[in-house]
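Student: Could you look at this predicted model? Sequence included:
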There are 2 protein chains.
Amino acid sequence: MPTSDLLPAEGRASATREAILGACERLFMQHGHEATSLRQIAREAGVNLAAAHYHFGSKEALIQAVLKRRLAALNDRRIAALDSLEREARGAPLKPSHIVDAFFGTLLRMADGPQGPEGRNVLALLERTMTDPASFVHAFISREYMPVIDRFRDALFRALPDVPREEIVWRFQFMLGATSYAIVGPHALYRAAGLGQHDTPPQRTEDDTRLLLPRLMSFLMGGLRAPLPEHSPP
Amino acid sequence: MPTSDLLPAEGRASATREAILGACERLFMQHGHEATSLRQIAREAGVNLAAAHYHFGSKEALIQAVLKRRLAALNDRRIAALDSLEREARGAPLKPSHIVDAFFGTLLRMADGPQGPEGRNVLALLERTMTDPASFVHAFISREYMPVIDRFRDALFRALPDVPREEIVWRFQFMLGATSYAIVGPHALYRAAGLGQHDTPPQRTEDDTRLLLPRLMSFLMGGLRAPLPEHSPP
DNA sequence: GTCTATATCATGATAGAC
DNA sequence: GTCTATCATGATATAGAC
């Protein structure tokens, strides 16, 4: 099946191509890609069913194209931010908070970018991808995401030379999880539970969006700098 | 054996019923429920295709039964732990670390319970459920999970009277995410990327399991007690 | 390049014999 | 309770007309 990206031109931008990608983002975000059929995609995009196959070759390739478009933009900005930090430091170790901000802050700031509120949803889609069970999604993440994670992890190694690397690896994982749930927000479950039953505002407010990054950064840095657990003997 | 019930009976335990539930756990955990067909389930369980419908009525009901069995056990232990804490405190506010341990520690300790290493995987399944896009899963979580989360959140409100409740709500969300990713572990992506390409052990070690809870608790408490973000004016 | 029409197959669900 | 047989539907994918 790995015979797809020969003819339909990898980076080409046609109108229907973009419509399909946009429809995919909306539908995948809402129902996940497993529960989204090509028929729904074609209907939502206002194009023919066969167009998806013509432009992308298969559903798997389409999903990867959807993910790649956003993840590549995100990771380019992350790498640029880290490059900038390292350039300014001139060989000196970076501040951990700056590294964390270059990784997670860049992620959250994309939500306030030109694409507006839609950006937030795309990020939720990306984060959900991290825990997707499909093997090809897993392989995609490893290929497209891991090199970036490795660079930031190495930066943290150098910035925190006293902390065992294992601990940093784990705490980076914890930070990824906290950020993933931060993007979804605590109101999703309340919304599903029905309005008015709980004492938490069921709708995301302006403050939530504005304060999300400082809130998350406080939490992440508190966790990253927490005292190390005492090693209990085996 | 006079096991003749009129209806398939909600809490009844037949041999095939249990076989189906076990097969579901394994398959859902590996591929997610969207990508798992009733035929695969029947094959894995060694039962007939129609048995699933006879015992559970529909695929949705089956999924809910799978989730409910584990989530109910987990939440019963959580509530028991919190009850015990409050009983011993005799009205005094609880220590935040005890509340956090009663919620997240109870979750992780289930992995070392009688079901052995299988327990860990079931927990990964449960955590994945939290971000499932399917509406009936969402509704299920709201119904079965939210009351417990609310109780623990209220306990944190009382234990941290100086912290604005909004902040606690958000930090609880961050803790949920960190724990979710803790259960999956940082090696999942490395494994998919191919062995030996990175400098992190690709396999989960004994230490990882033994040290996971202290590692996570350090991180969670560091995040929970972190200085509050300064409120920037609107 | 785009769409119509269709091929091929897997899915969830059900009816009825045993 | 369990099985076989089958249904209607919807899935991905393709061949070929415009």
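Tutor: Alright, I've got the coordinates. Numbers count the residues shown, from 1 in each chain, chains lettered A, B, ... in the order given.

Student: The lengthiest helix in chain A packs against which elements?
Tutor: Taking DSSP state H as the assignment, the helix of chain A that covers the most residues is helix A:59-89. When contacts are defined as 3 or more Cβ pairs under 8 Å, 6 or more residues apart in numbering or on different chains; DSSP states H and E, helix A:59-89 packs onto helix A:15-31, helix A:38-45, helix A:49-56, helix A:96-100, helix A:106-109, helix A:117-129, helix A:135-144, helix A:146-159. Backbone N, C-alpha and C define where each C-beta goes, glycine included.

Student: The longest one: how far from the chain's middle?
Tutor: For helix A:15-31, the distance between its averaged C-alpha position and the chain's averaged C-alpha position is 17 Å (Cα atoms, centre = their mean, to the nearest Å).

Student: again, but for stretch A:170-187
Tutor: Its chain's C-alpha centre lies 10 Å from the corresponding centre of stretch A:170-187 when counted by Cα atoms, centre = their mean.

Student: tell me the average confidence for it?
Tutor: Stretch A:170-187 shows a mean pLDDT of 95 in the predicted model.

Student: is chain B contacted by that stretch?
Tutor: Yes - using Cβ under 8 Å from any Cβ of the partner chain, stretch A:170-187 reaches chain B at A:170-182, A:184-186.

Student: So which helix or strand of chain A has the lowest pLDDT on average?
Tutor: The helix or strand of chain A with the poorest confidence is helix A:187-193; it has a mean of 69 (mean pLDDT, DSSP states H and E).

Student: Quick one: check the helix or strand just after that helix for contact with chain B.
Tutor: Stepping forward along the backbone from helix A:187-193, the first helix or strand reached (DSSP states H and E) is helix A:206-224. Yes - counting by Cβ under 8 Å from any Cβ, chain B has neighbours in helix A:206-224: A:206-207, A:210-211, A:214-224.

Student: Now restrict these to buried residues only.
Tutor: Buried positions within those, assessed by neighbour count (16 or more other Cβ atoms under 10 Å in any protein chain shown), are A:L211, A:R215, A:L216, A:M217, A:S218, A:F219, A:L220, A:M221, A:G222, A:G223, A:L224.

Student: can you redo those as JSON lines with distance to DNA strand C?
Tutor: Formatted as JSON lines, the entries for those read as follows, by distance: Cβ to the nearest atom of the strand, whole Å:
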{"residue": "A:L211", "distance to DNA strand C": "42"}
{"residue": "A:R215", "distance to DNA strand C": "40"}
{"residue": "A:L216", "distance to DNA strand C": "38"}
{"residue": "A:M217", "distance to DNA strand C": "43"}
{"residue": "A:S218", "distance to DNA strand C": "44"}
{"residue": "A:F219", "distance to DNA strand C": "39"}
{"residue": "A:L220", "distance to DNA strand C": "39"}
{"residue": "A:M221", "distance to DNA strand C": "45"}
{"residue": "A:G222", "distance to DNA strand C": "44"}
{"residue": "A:G223", "distance to DNA strand C": "40"}
{"residue": "A:L224", "distance to DNA strand C": "42"}
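
Student: For burial, what's the neighbour tally of A:R109?
Tutor: Residues contacting A:R109 under the criterion other Cβ atoms under 10 Å in any protein chain shown number 14.

Student: Quick check: it vs A:A81, distance?
Tutor: From A:R109 across to A:A81, the span is 10 Å (Cβ to Cβ, to the nearest Å).

Student: go on, A:A50?
Tutor: In this structure, A:A50 and A:A81 are 41 Å apart, going by Cβ to Cβ.

Student: what about those two, which has more around it?
Tutor: Neighbours were counted for A:A50 and for A:A81 using other Cβ under 10 Å; A:A81 has more, 19 against 10.

Student: can you pull the contacts of that one?
Tutor: When contacts are counted by Cβ atoms under 8 Å, 6 or more residues apart in numbering or on different chains, A:A81 touches A:D101, A:A102, A:T106.

Student: got a markdown table for these, with distance to B:A65 and neighbour count too?
Tutor: Supplementary listing: the contacts of A:A81 in a markdown table, determined by distance: Cβ to Cβ, whole Å; neighbours: other Cβ atoms under 10 Å in any protein chain shown:
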| residue | distance to B:A65 | neighbour count |
| --- | --- | --- |
| A:D101 | 44 | 19 |
| A:A102 | 45 | 23 |
| A:T106 | 42 | 18 |
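
Student: now, which of those residues sits nearest chain B?
Tutor: Lowest distance from chain B to the contacts of A:A81 (Cβ to the nearest Cβ) belongs to A:D101, with 12.9 Å.
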